[in-house]
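Here's my sequence, what's the structure:
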Amino acid sequence: MPYTLVSFHAHPDDEALLTAGTLARAAADGHRVVLVMATVGEAGLAASADREDGRLGERRVAELRDSARALGCARVEWLGYADSGMASDPSGAPDSFAHADVEEAAARLAAILAEEGADVLTVYDPAGGYGHPDHVQVHRVGVRAAELAGTRVVLEATVDRRLLRRALALIARLPGIPADFAPSRFAAAYSAPEALTHRVDVRRFTKQKRAAMAAHATQAGADTGVRTLAVLLRLPRPVFRRALGHEWYVEHGRTPARPLLDDVFATLRDAPRG
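This next block holds a predicted model:
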């Protein structure tokens with residue numbers, strides 16, 4: 001039975017990092033996949049050449065559409081909020097997503113969920129993974145929107161913290177990897193392994209995942225330092241497949257059990273419509 005999966009994110013490129021393999025796998029299996037972004041990512045880091053004409057947001061919209069095509073998404077929508085910037089460097093925009101009224105933002109998302117008849121919604125974990133204010137707000141808004149729309153399954157896109165630190169320890173041995181990839185920086189980020197409900201095998205879709213990442217060219221550049229996306233795209237393909245071949249979720253209302261589920265539609269299949 002085909003389902004509709006809506007994946008809600010803060011900025012263009014977030015979908016590529018956390019959920020791209022899951023989305024590509026769902027689309028390949030005949031399900032409808034919809035991407036919804038809270039912002040266009042206009043306050044994100046980028047090289048000055050991409051920012052100086054004031055069109056960074058437009059570029060990131062185009063990049064997201066390219067990413068969505070690579071993943072097989074059927075629709076891309078935006079909620080219309082401004083990028084809030086990092087907690088340490090806020091954008092100051094009056095309509096920033098991080099400071100939006102949760103009920104108002106949730107109503108916007110719920111309208112899309114209802115229109116699509118969404119069966120599954122992906123958001124982030126309560127801490128927003130690594131704590132970005134817009135990512136924390138994705139969790140708040142997404143959970144409330146699902147309540148308003150009656151969406152049956154809510155999955156928090158996250159990472160197995162223990163495996164992330166192991167992968168970073170492996171990547172850190174490669175030449176030219178910046179200190180930002182030190183495993184110690186992620187001691188409290190994302191989710192503890194015992195909280196996880198899903199470990200989705202996306203190794204067959206790492207080509208699409210890599211293409212989605214590569215679509216976000218402005219996210220890979222900066223005047224100084226090295227961006228996360230650029231580092232990941234430099235990984236040899238076997239290392240990329242090993243490091244990024246699984247995606248993790250915590251399903252609301254589901255008690256974690258072992259083995260972890262490999263199917264984001266498992267709850268729906270266990271309790272068919274009607």
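
Average pLDDT for whichever strand or helix holds Asp50, rounded please.
Secondary structure from DSSP states H and E places Asp50 in helix 48-51. Helix 48-51 carries an average pLDDT of 76.

Check which residues of that helix are buried.
Applying a neighbour-count criterion of 16 or more other CB atoms under 10 Å, the buried positions in helix 48-51 are Asp50, Arg51. No exception for glycine: its C-beta is placed from N, CA and C like everyone else's.

mind listing what's buried in the helix or strand following that helix?
Once helix 48-51 ends, the next helix or strand along the chain (criterion: DSSP H and E) is helix 56-71. Of all the residues in helix 56-71, those buried under the rule 16+ other CB under 10 Å are Leu56, Gly57, Arg59, Arg60, Val61, Glu63, Leu64, Asp66, Ser67, Ala68, Ala70, Leu71.

swap in stretch 133-149?
By 16+ other CB under 10 Å, the buried positions in stretch 133-149 come out as 133-146, 149.

for stretch 188-198, same thing?
Those would be Ala189, Tyr190, Ser191, Leu196, Thr197, His198, for stretch 188-198 by 16+ other CB under 10 Å.

pLDDT-wise, which helix or strand of the chain ranks last?
strand 89-90 (a mean of 70; mean pLDDT, DSSP states H and E).

got the end-to-end distance for stretch 247-266?
Stretch 247-266 stretches 15 Å from its first residue to its last (CA to CA, to the nearest Å).

from the chain's centre, how far out does it sit?
17 Å (CA atoms, centre = their mean, to the nearest Å).

Buried residues in that stretch, which are they?
Neighbour-count burial for stretch 247-266 flags Glu247, Trp248, Tyr249, Val250, Glu251, Arg254, Leu260, Leu261, Val264, Phe265 (criterion: 16+ other CB under 10 Å).

Contact partners for Leu71?
By CB atoms under 8 Å, 6 or more residues apart in numbering, the contact set of Leu71 is Glu15, Ala20, Leu23, Ala24, Ala27, Val33, Gln208, Lys209, Ala212.

The residues you listed in strands, which ones?
Val33 (DSSP state E).

which of the contacts of Leu71 lies closest to Arg237?
Within those, the smallest distance to Arg237 is 11.3 Å, found for Lys209 (CB to CB).

same question for stretch 230-250, mean pLDDT?
Mean pLDDT, computed over stretch 230-250, is 92.

Could you find the closest non-adjacent residue to Val141?
In space, and not counting its chain neighbours, Val141 is closest to Ala105: 4.5 Å by CB to CB, 6 or more residues apart in numbering.

My reading is that the one you found lies in a helix. Confirm?
Yes - under DSSP: H, G, I helix; E, B strand; the rest coil, Ala105 falls within a helix.

residue ranges for the helices of the stretch 101-250 of the chain, please.
For the stretch 101-250 of the chain, the helices defined by DSSP state H, counting those that start in this stretch cover 102-116, 128-131, 133-149, 161-171, 206-215, 228-233, 237-244.

got these as JSON lines, with distance to Ser7 columns?
Listed next are the helices of the stretch 101-250 of the chain as JSON lines, based on distance: least, CB to CB, whole Å:
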{"stretch": "helix 102-116", "distance to Ser7": "11"}
{"stretch": "helix 128-131", "distance to Ser7": "14"}
{"stretch": "helix 133-149", "distance to Ser7": "10"}
{"stretch": "helix 161-171", "distance to Ser7": "20"}
{"stretch": "helix 206-215", "distance to Ser7": "12"}
{"stretch": "helix 228-233", "distance to Ser7": "18"}
{"stretch": "helix 237-244", "distance to Ser7": "17"}
